[in-house]
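Visitor: here is my input; please provide its structure:
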Amino acid sequence: MMGHQAEKLEELIASNSQKKSKKTRFVAITSGKGGVGKSTISSNLAYVLSQSGLNVGIFDADIGLANLDVMFNVKIKKNILHVLKGEASVSDILIPITRNLILIPGESGSEILKYSDAALFKRFMEEAQILDKLDVMIIDTGAGIGEHIQMFLNAADDVIVVTVPDPAAITDAYATIKTVAALRNDIGLIMNQVKNEKEAEAVFEKIRKVALANIGDKLDLQLIGKINSDVKVSSSVKRRALFSVSYPNSQPHVDIMAIASKIAGRLERNMLVNPNESGLTGLFKRLMGHF
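Guide: Next comes the predicted model:
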């Protein structure tokens with residue numbers, strides 16, 4: 001029964017995809033442990049990308065610990081699970097942050113499968129077309145290496161692991177890299193809360209050396225960027241504000257701009273992105289492969 005239902009959903013997704021011409025790049029931001037600044041980076045990165053003229057969506061895929069509403073200082077009443085249950089429309093749950101930035105409150109994992117009724121999913125996909133114009137979707141996953149997190153990491157075009165120069169965090173980041181490496185060879189790393197570029201590169205090289213020795217030389221681990229340690233970041237978080245908005249002249253903002261530039265560059269080259277995969281329906285098309 002479940003297999004037949006999945007086939008029907010795949011047919012719906014395929015027919016819906018034929019109507020699209022836009023391509024959305026899916027960028028998953030993850031971490032080995034909590035408290036390393038993953039959501040802070042995700043929210044500021046999404047904002048900076050939107051300010052460059054790109055249409056950006058940020059999807060909160062952190063089950064049980066969703067906190068992007070705090071980062072953006074907005075109130076969330078319903079999320080994507082309510083849409084799949086038929087209790088809300090896609091437009092009901094979307095929260096506009098800026099002109100080019102939309103927050104998508106989400107749930108993931110097995111909960112989605114429980115409400116994968118073909119009729120509901122068809123309506124969901126039709127409504128989700130309002131997000132087909134997205135150039136990039138940031139997926140803020142939960143910390144760790146749970147099955148539902150791996151599902152999003154496998155569906156993404158880019159996977160970026162966030163860590164800090166702390167022994168425990170580095171150990172957890174390596175464990176995450178090792179797990180992701182079973183799904184893909186290309187993995188990005190952001191060093192957060194570092195003193196400077198030199199420290200970021202030194203810690204990255206240590207992780208890279210251990211990873212290549214234990215995972216294999218096919219692993220393509222790249223340092224996407226670093227964020228300097230700065231009290232302005234924690235100050236912004238406490239005030240429910242983005243540091244890129246509050247402190248546009250700060251070093252962390254300069255750092256996040258550099259990271260955004262790299263991601264925008266990949267978007268322009270359209271690396272690894274398949275045609276006819278856009279917005280929420282494009283993401284769910286990929287996720288369906290895991291059900």
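Visitor: per-residue pLDDT, the closest residue to residue 240 other than its chain neighbours?
Guide: Distance criterion Cβ to Cβ, 6 or more residues apart in numbering; nearest residue to residue 240, sequence neighbours excluded, is residue 73 at 3.8 Å. Heads up, the C-betas are built off the backbone N, CA and C, glycines and all. For residue 73, the pLDDT comes out at 92.
Visitor: phi, psi for residue 73 please.
Guide: Main-chain torsions, residue 73, degrees, to the nearest 10: phi 60, psi 50.
Visitor: quick one: it from residue 191, how far?
Guide: Residue 73 is 27 Å from residue 191, where distance means Cβ to Cβ, to the nearest Å.
Visitor: these two: which has the busier surroundings?
Guide: Set residue 73 next to residue 191 and count neighbours by other Cβ atoms under 10 Å: residue 191 wins out with 28 against 11.
Visitor: list the contacts for the more buried one?
Guide: Neighbour list for residue 191: 163, 164, 165, 199, 200, 203, 204, 223, 225, 226, 227 [criterion: Cβ atoms under 8 Å, 6 or more residues apart in numbering].
Visitor: what does residue 210 give?
Guide: residue 174.
Visitor: re earlier: show only the entries of the contacts of residue 191 found in strands.
Guide: Secondary structure from DSSP state E places 163, 223, 225, 226, 227 of the contacts of residue 191 in strands.
Visitor: format those residues as JSON lines; extra columns: pLDDT and neighbour count.
Guide: Output for the ones in strands among the contacts of residue 191, formatted as JSON lines (pLDDT from 0 to 100; neighbours: other Cβ atoms under 10 Å):
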{"residue": "163", "pLDDT": "97", "neighbour count": "28"}
{"residue": "223", "pLDDT": "98", "neighbour count": "17"}
{"residue": "225", "pLDDT": "98", "neighbour count": "24"}
{"residue": "226", "pLDDT": "98", "neighbour count": "27"}
{"residue": "227", "pLDDT": "98", "neighbour count": "27"}
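Visitor: out of those residues, which is nearest to residue 23?
Guide: Taking Cβ to Cβ as the measure, residue 23 sits nearest to residue 225 out of the ones in strands among the contacts of residue 191, at 23.7 Å.
Visitor: I'd say that closest one and residue 262 touch.
Guide: Yes: with contact defined as Cβ atoms under 8 Å, residue 225 reaches residue 262; the gap is 6.7 Å.
Visitor: if you rank every helix and strand of the protein by mean pLDDT, what lands last?
Guide: The helix or strand of the chain with the poorest confidence is helix 2-17; it has a mean of 48 (mean pLDDT, DSSP states H and E).
Visitor: which residue sits closest to residue 172, ignoring its sequence neighbours?
Guide: Sequence neighbours aside, residue 32 is the residue nearest to residue 172 in space, at 2.8 Å (criterion: Cβ to Cβ, 6+ apart).
Visitor: can you report phi and psi for the one you found?
Guide: phi -80, psi -30.
Visitor: ok, it - how many residues close by?
Guide: 24.
Visitor: how far away is it from residue 156?
Guide: In this view, residue 32 and residue 156 are 17 Å apart by Cβ to Cβ.
Visitor: do you know the pLDDT at residue 151?
Guide: 76.
Visitor: what about it, which SS state?
Guide: Using DSSP: H, G, I helix; E, B strand; the rest coil, the structure places residue 151 in helix.
Visitor: ok, it - how many residues close by?
Guide: Neighbours of residue 151 (other Cβ under 10 Å): 21.
Visitor: quick one, helices of the stretch 1-150 of the chain?
Guide: Taking DSSP state H, counting those that start in this stretch as the criterion, the stretch 1-150 of the chain carries its helices at 2-17, 38-51, 68-72, 80-85, 90-93, 110-114, 118-128, 147-155.
Visitor: noted, bye for now.
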